[in-house]
Every structure is written in structure tokens, then in C-alpha cells.
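[1] Sharing a sequence plus its predicted fold:
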Amino acid sequence: MIDGGEAIRKLALNVARYTGLAPLAKPFVGGIGAILMLHRVTATPEKPNSVNRHLNIAPAFLDKLIADMKARGYAFVTLDEAIERIKIGGKGGQFATITADDAYRDNMTEALPVLEKHGAPITIYVAPGLIDGAADLWWDLVEDIVDTTSRLTLKTASESTVVDCSTPGRKIQAVARLNAWLTLEVSEEAQGAALRELARSNGIELGTGRAGILMNWDEIRTMTAHPLVTIGAHTINHRNLKRLSEADARHEIGDVKRILTERLGQEPRHFAYPYGYARAVGCREVGFARDAGYVSAVTTRHGVLRAEHAGFLHALPRISVNGRYQSVAHIRTMLSGITTPLANAGKMVVTI
Ligand SMILES: [Zn+2]
């Protein structure tokens, strides 16, 4: 899961503004390849008007995008091969690799058939705590709470405030307020309990999350055996690592390897930082991922890959393919590299 936020909205505006310039920009800012980032891929989202709808794309769009990229010379490769190509400075030609975070079931039911059609590999990053139900898809619970009511009383450590949820616009603001509360004030471990208490104190019946929205272990095992699928690690409990002690962060990054190996019979070689933005991953976390022995680690920072990333294999940026940009032209613009410095204060080689 990523936090869209203001930076992404600005990027969307810039994408629109620079779309026509992208072909001209390519020789100057273009990279050697890209890691695409997906979350949900479904033609029938349960909540088409939800505030998290930007996390979803339609399978037909994925199909169109891969076909377009292949026609323009991109080779779709496994993440292992992408890393090898980064190490040799992209000499094997322009490449793309697809990743998806959180193991949504639609990755198997709706994205995989598209990937099979194109022979395009995917890496799916799994957080065992989410699969077992020990950790919450709290952004879905926030959405459910805000969708259910027109006003909420939010009791934080310091105050009690009324949050207006009466209109679609107010609901978006309410989600932003609750996200800020959960990710800045409430501890990582207490997010689920805090949300349940918020629901209870406001008289809202909260289910156990949306049953079946993520794959179960049997399905993940089936995916593990699929020739196009690589399973990567996404911490144990989908924690914001920067908010954890060193011991807890190392536990989340390192011990997820053991859990996934026990469950799937294969040790994960690649890692994705939950949330992946600057408030969730810094130098310390990159060091921990390297120490844990992963071959690579990805953030959610926006950027194309460049030869220099050979020195930063544990802080690789991605290009988010999400509901905000279901336009092949927009993705082309982002792949041109022109939006990489725009979204990163002028930086061409994006790490953390
Ligand atoms: Zn995630």
C-alpha cells in the first residue's frame, strides 16, 4: 500500500503537462529500464468510488500497457534478470519488470492471465501477517469506517475532534485525517486496535476486513510454482520500518525470510519496503535489507532505473501503474524519465 498524497497529485499534473515533450526528453533523462508497481488489478472493484480506488487498475489496461511497451522495445524480464541487467549498466537493451505489493487475490485471478498472454513475469511481495490476519489492511478499514458514517468523533491522545464525513469531498479529507493519525500518532503495533476502538466508540459495526481480498497460503503456494511468478518479502506485519526500533525493524525485515521459506519452501531473494516513501524508508532500513541478504529492495519512490542503480540495489525506485494514470500516454511519459527529476527535486538517480 502506498500513500498517494500531494506529491503524487503534483506528479499527475506534471505528467499531463509534459506528455508531448516525453519523446524529446528521452535521450537526456531516459533510463535503462523500469520496475512497474501494481497493487490491485480488477475489472470489478468492490467499491468503485472508494478513496483507495487509485490503487486499482483494470486488467484490460494492463494488457494494453504491456502490448504498447513491448511494441516500443521493452523486454519484460524477471526481477532477477532485471537486477543482472542493472549490474551490467542496461547493456542488454531496455527492460521492464512488474511487481505487485500485498498479494491481492486479483493478481492471480485477473492479472496473471494477462501476464501469461504476454509472457511477462511478476514479483509479488507478501507480508505473512496480512495473509494470516495478524496485521490489518488498515487503509481498507479506514475506508469502510468513513464510508459508513457522516460524522465521527476521533479521540486522540491529546484531544477529541469531530470529523465530518458527510460528502465525498469530506470523506477524502476524513481519510487523510485518519491516515495521518494512524501513521504519525498511533504506534505501528496499535493501528488495528485503535481503528476498532474508533469504530466501536462511534457505534460502527466493523467486520474483519474484506474476506478474500488477499490470496491465502494455498493460493500463494500455487503462485510460487508458476513459472512467471517470483515471491518477494514485504516485512512480516506490513510495518513502517522507520517507526520501529532497530531490533524490531531487523526482525520484520530478516525473520520474514524464515516465515516465507517455511510456508513456501523457497527463500525470498527480493524485498519491498511497506509504504516505501521517505517517511518509511531511509539509510538505516536500506542497510538492514542489505544485511538481511536480499538481492534487491524496492521503494515506492518514483523513478526510472539508471546504470548508477548498480550501486543502490536496495533502494530501487518504481513507476506506479495505478488508477490515477490509466492512460498509456501517461505511462510512456513517466517511462521517458522526464517525470523522474520532477518528482524528486531534480534528482535523476532516485534512491531513498
Ligand atoms: Zn504494501
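    Yep, that arrived. Residues are numbered from 1 along each chain as shown.

[2] Which element, helix or strand, includes Pro23?
    Applying DSSP states H and E as the criterion places Pro23 in helix 22-29.

[3] ditto for Thr230
    Residue-wise, Thr230 maps onto strand 229-233 under DSSP H and E.

[4] Show me which residues of that strand are buried.
    For strand 229-233, a neighbour-count test (16 or more other CB atoms under 10 Å) marks 229-233 as buried. C-betas here are computed from N, CA, C, even on glycine.

[5] do the same with stretch 20-40
    So for stretch 20-40, counting by 16+ other CB under 10 Å, buried means 22, 25, 29-40.

[6] Can it be said to contact the ion?
    No - Stretch 20-40 stays clear of the ion (CB under 5 Å from the ion), getting no nearer than 7.6 Å.

[7] what about Lys91, neighbour count?
    9 (other CB atoms under 10 Å).

[8] Around the nearest residue to Leu195 once chain neighbours are set aside, count how many other residues there are.
    Once flanking residues are discounted, Leu195 sits nearest to Leu141: 5.0 Å by CB to CB, 6 or more residues apart in numbering. Neighbourhood size, Leu141 [other CB under 10 Å]: 23.

[9] Could you do Asp218 as well?
    Using other CB under 10 Å: Asp218 sits among 8 other residues.

[10] How about Ile253?
    Ile253, neighbours per other CB under 10 Å, totals 25.

[11] For it, pull up the helix or strand it's in.
    Assigned by DSSP H and E, Ile253 belongs to helix 246-264.

[12] What residues sit buried inside that helix?
    Neighbour-count burial for helix 246-264 [16+ other CB under 10 Å]: 249-254, 256-257, 259-260, 263-264.

[13] Same question for stretch 143-153.
    Here stretch 143-153 shows 143-147, 149, 152 as buried, counting by 16+ other CB under 10 Å.

[14] Helices - which of the residues you listed land there?
    143-147 (DSSP state H).

[15] out of these, who's nearest Ala297?
    Proximity of these to Ala297 (CB to CB) peaks at Glu143, which lies at 28.1 Å.

[16] per-residue confidence for that closest one?
    The model reports Glu143 with a pLDDT of 88.

[17] Could I get the contacting residues of it?
    For Glu143, the contacting residues are 47, 50-52, 175, by CB atoms under 8 Å, 6 or more residues apart in numbering.

[18] among those, which ones are buried?
    The buried subset of these (16+ other CB under 10 Å) comprises 50-52, 175.

[19] Got the phi and psi for the residue nearest to Pro121 when sequence neighbours are not counted?
    Nearest in space to Pro121, with sequence neighbours left out and distances taken as CB to CB, 6+ apart, is Thr78 at 4.3 Å. The phi/psi pair for Thr78 (degrees, to the nearest 10) reads phi -70, psi 160.

[20] ok, Thr78 - how many residues close by?
    Counted by other CB under 10 Å, the residues lying close to Thr78 total 19.

[21] Same question for His118.
    17.

[22] in terms of contact, does Pro121 touch His226 like I think?
    No - with contact defined as CB atoms under 8 Å, Pro121 does not count as touching His226 (9.5 Å).

[23] These two: who's more crowded?
    Set Pro121 next to His226 and count neighbours by other CB under 10 Å: Pro121 wins out with 22 against 15.

[24] Just to be sure, Ile35 is in a helix?
    No - counting by DSSP: H, G, I helix; E, B strand; the rest coil, Ile35 is not part of a helix but strand.

[25] Is the closest residue to Lys91 other than its chain neighbours in a helix, a strand, or coil?
    Excluding its sequence neighbours, the residue lying closest to Lys91 (CB to CB, 6+ apart) is Arg85, at 7.6 Å. Here Arg85 is recorded as helix under three-state DSSP.

[26] what about Arg85, distance to the ion?
    Separation of Arg85 from the ion (CB to the ion, to the nearest Å) stands at 25 Å.

[27] Report the contact partners of that residue.
    Counted by CB under 8 Å, 6+ apart, Arg85 has contacts 32-33, 77, 91-92, 95.

[28] of these, the lowest pLDDT goes to which?
    Gly92 (84).

[29] what helix or strand is Ala176 on?
    Secondary structure assignment for Ala176, by DSSP H and E: helix 168-180.

[30] which one of the contacts of Arg85 sits closest to Ala127?
    So of those, ranked by how close each gets to Ala127 (CB to CB), first place is Val77, at 24.7 Å.

[31] Contacts only, for the single nearest residue of the stretch 151-300 of the chain relative to the ion.
    Using CB to the ion, the closest approach of the stretch 151-300 of the chain to the ion is made by Pro274 at 4.8 Å. The contact partners of Pro274, by CB under 8 Å, 6+ apart, come to 1, 101, 127, 234-235, 238-241, 280.
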